[in-house]
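Colleague: need a 3D model of the sequence below.
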Amino acid sequence: MELMEQTAVETIHLTDAAAAMVKTLLEQKAVPDHGLRVFVSGGGCSGMQYGMALEAEPRPYDHVIAQGGIKVFIDPTSMMYLNAATIDYEESLMGGGFKIENPNAASSCGCGSSFKTKDSAGAYEESGGGGCGCG
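Modeller: As a prediction, this is how the structure comes out:
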């Protein structure tokens with residue numbers, strides 16, 4: 001029983017607006033069967049950054065989440081940072097863009113494309129990191 005409590009279902013949420021935009025992108029690029037890869041990599045002004053790409057199929061060991069008619073591919077390492085995150089798409093006067101609301105981020109950059117985890121927040125600041133060089 002204790003093991004079940006420690007094992008959570010790993011997932012992310014794609015809003016209707018994000019799913020609609022991904023569908024539009026897939027149609028524009030004439031690749032309607034592709035999915036959206038969402039990943040986390042080192043870098044960015046806060047230490048880690050988000051990335052997205054359209055891909056034909058998942059890689060071995062990927063988490064595959066189907067929402068709103070869209071397949072989302074996430075590698076296991078990225079899922080550790082993205083679990084329970086929400087991907088949204090917002091339009092504004094300055095243009096539109098994807099936005100990730102990530103409950104695993106201790107803080108994020110003003111541009112919203114990079115973040116720090118609770119575990120890495122202090123280490124990054126001690127190494128001289130900080131400040132947002134985005135946008």
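
Colleague: neighbours of the closest residue to H63 other than its chain neighbours, how many?
Modeller: Distances taken as C-beta to C-beta, 6 or more residues apart in numbering place I74 nearest to H63, at 4.6 Å, with adjacent residues excluded. Glycine gets a C-beta too; all of them are placed from N, C-alpha and C. I74 has 25 neighbours, counted by other C-beta atoms under 10 Å.

Colleague: burial count for the nearest residue to A53 once chain neighbours are set aside?
Modeller: In space, and not counting its chain neighbours, A53 is closest to R37: 4.7 Å by C-beta to C-beta, 6+ apart. Burial of R37 is recorded as 19 neighbouring residues (other C-beta under 10 Å).

Colleague: so R37 sits right up against A56, yeah?
Modeller: No: with contact defined as C-beta atoms under 8 Å, R37 does not reach A56; the gap is 10.1 Å.

Colleague: what about this protein, any weak spots by pLDDT?
Modeller: 1-9, 44-46, 107-135 (pLDDT under 70).

Colleague: so K99: helix, strand or coil?
Modeller: The three-state assignment at K99 reads strand, by DSSP: H, G, I helix; E, B strand; the rest coil.
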